[in-house]
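> I'd like to go over a predicted model; first the sequence, then the structure.
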Amino acid sequence: MILDYQTAYEKVKSGERISVKDAEWLWNCASDDQLQSLAQLVRDRYHKPKTATYLLMRIVNYTNVCVAKCDYCSFYRLPNAPDGYVREKSWIFEKIDELVSVGGVLFGFNGGFNPKLKLDYYTDLFSSIRARYGDTIEFYALTIVELLYVAKLSKMSVPDTIKVLKEAGVRWITGGGAEILADSFRKRHSPLKYTVDEYFDTQRHVIEGGLNTTATMVIGFDETMEERLSHLERLRQFQDEVNGGIFSFLCWTYKPYNNELGGTEIGANEYLRHLALCRIFLDNIVHVRASVLTQNQNALKGLVYGANDFDIPWEDEVTQMAGAVIEQDVEKVLSYARQEGFEPSYRHVALSPQNGGLQLA
Ligand code: SF4
C-alpha cells in the first residue's frame, strides 16, 4: 500500500496497478504536482508527450421529454408539458448541416426516456441519417441508459435491440447516463435510471453486439469519495473483463442551476485532481478526455493532469440549461491547449464502414 509519494511513484512507474486505498491516499496526501507526474506516467504509456487530439462535435437533443425525473437534471420535461418537444428530422438535418459547414463530423444524440418513442422512431431517424450523409459523418446514437429504456419500452431484449440499431447504421453508443456508478448515489438522485449492474450488463451487450462504446462519469453532486472510487473500481474491472472494449473515458462536472437538487459547483482544482486520479487508476483505458463543455479553459489544463483528448462542443442543451457556457471559437480553445504546452491535432477521421467509424489517427 502507498504510504508516501516515492512508493507511489515507483509503483506507477513500474506499471503496477494502484488499489482503491492507494487512490484514497493520493487524493488526500499527494500535491497537485505529484498527481500530475503520476498521471503523465500513465499517459505516456499510450500517447506521445506534449501532444493532444481533439474533435469538433455537436450534441443533438432530439427530445426533452423524460420520465426518469433525476433530481440533478435541468433539461427534462414530463410528458404533456407545454414546452416538451420531439424534433422533426428536418430540424435534425439542419443541425447536422450547420456543423458540417464549419468542419465538424461528429454528432451525439441525447434525449430522455420518452414513452412515446419506441425503437422504430430511432431506426427511422438513424437510417435516414445514414441514407442522407452516408459515411461522411459519424454519430453517437444513444447513451447506455437510453438504449436500455428503449429496449424495455419496445419489449425487446437488449441484444435484439442492438442488432436492429446496427442494421439502421448505428456504430457507436456512449457510456452516458453513468453519472456516479454507485447504487447508493443512484437511489438518492435517479432511482429510475437503472442500477450499476444494469448499466454494465448493457455495456457488455453493446460490446458483444459489435458496437463501439465509451465510459463517462460526472462529479460534483453530493457524492462521497467512496462512491467516486467505487465507480472507478467497477469500471476498471469491467474494462478488464471486456478486454479493453471501452474506447475512452470522459469525466465532466455537475452544473447546479435550474434543477431540483441545486448546490454549488465544485472548483476547477478539484476537477483537475480528480482527472489525474482517473488517469492513474484507469490504467486499462487508452483515451482519457477532458471536458471543455463544462470546464472551458480549465479543461485544457487537464492535459497536464493526464488527459490526451478533448471535444470542442458546438451545442448541448442538457448542460447549457444547467449553466454551461459553450466556447465556439475553435482557435481560442486550441490556443488554451498550446498555452499548457500541448500541440493539438484534429483527430483523423476514417469513416469507412469496415473500420466501424471514427478512429484516432
Ligand atoms: S438526466 Fe437524462 S434520464 Fe435523467 S431526467 Fe434528465 S434527461 Fe432524463
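Cool, got the structure.
> Contact residues of the protein facing the ligand?
Where the chain comes near the ligand, counting by C-beta under 6 Å from any ligand atom, the residues are C66, A68, K69, C70, C73, F75, Y76, G112, F113, S190, K193. To be clear about C-beta, it is placed using only N, CA and C from the backbone, and glycine gets the same treatment.
> Mind pulling up the pLDDT for L358?
The model reports L358 with a pLDDT of 45.
> got it, and V158?
Per-residue confidence at V158 stands at 98 (pLDDT).
> G169 too?
Looking at G169, its pLDDT reads 96.
> Does the residue lying closest to it once chain neighbours are set aside lie in a helix or a strand, and which?
What sits nearest to G169 in space, not counting adjacent residues and going by C-beta to C-beta, 6 or more residues apart in numbering, is R130, at 3.4 Å. In this assignment (DSSP states H and E), R130 forms part of helix 119-133.
> about what we covered before: compare the residues of the chain next to the ligand and tell me which is most surrounded.
G112 (26 neighbours; other C-beta atoms under 10 Å).
> Where does it sit: helix, strand or coil?
Assigned with DSSP: H, G, I helix; E, B strand; the rest coil, G112 falls in the coil class.
> now S74
Using three-state DSSP as the criterion, the local structure at S74 reads coil.
> Any stretches of the stretch 201-350 of the chain with poor pLDDT?
Along the stretch 201-350 of the chain, the parts satisfying pLDDT under 70 run over 315-328, 348-350.
> quick one, helices of it?
If you assign secondary structure with DSSP state H, counting those that start in this stretch, the helices in the stretch 201-350 of the chain sit at 225-241, 268-281, 292-295, 297-301, 317-321, 330-339.
> one step back: and the contacts of the helix holding R130?
Residues external to helix 119-133 that are found in contact with it (C-beta atoms under 8 Å, 6 or more residues apart in numbering): 62, 89, 92-93, 96, 100, 109, 137, 139, 141-142, 150-151, 153-154, 156, 161, 164-165, 167-170.
> Just the buried subset of these, please.
In these, burial by neighbour count holds for 62, 92, 96, 109, 137, 139, 141-142, 150-151, 153-154, 156, 161, 164-165, 168-170, counting by 16 or more other C-beta atoms under 10 Å.
> what separates the helix holding R130 from the chain centre, distance-wise?
Taking the mean C-alpha point of helix 119-133 and that of its whole chain, the gap between them comes to 23 Å (C-alpha atoms, centre = their mean, to the nearest Å).
> and it, what's its mean pLDDT?
Helix 119-133 shows a mean pLDDT of 97 in the predicted model.
> Buried residues in it, which are they?
Of the residues in helix 119-133, those buried by neighbour count under the rule 16+ other C-beta under 10 Å are L119, Y121, Y122, T123, L125, F126, I129, R130, Y133.
> hang on, the earlier thing: dump the residues of the chain next to the ligand to TSV, plus distance to P313.
Converted to TSV, the residues of the chain next to the ligand look like this (distance: C-beta to C-beta, whole Å):
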residue	distance to P313
C66	21
A68	23
K69	25
C70	21
C73	18
F75	15
Y76	20
G112	19
F113	23
S190	23
K193	23
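> what are the C-alpha coordinates of the following helix or strand past the helix holding R130, in PDB please?
Toward the C-terminal end, the helix or strand that comes next after helix 119-133 (DSSP H and E) is strand 138-143. Coordinates of the C-alpha atoms in strand 138-143 are reproduced here as PDB (Å, rounded to 0.1, in the frame of the first residue of the first chain):
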ATOM      1  CA  GLU A 138     -20.400   9.800 -37.600                       C
ATOM      2  CA  PHE A 139     -22.800   9.800 -34.600                       C
ATOM      3  CA  TYR A 140     -23.100   8.500 -31.100                       C
ATOM      4  CA  ALA A 141     -26.700   7.100 -31.300                       C
ATOM      5  CA  LEU A 142     -27.900   6.700 -27.800                       C
ATOM      6  CA  THR A 143     -26.500   6.600 -24.300                       C
END
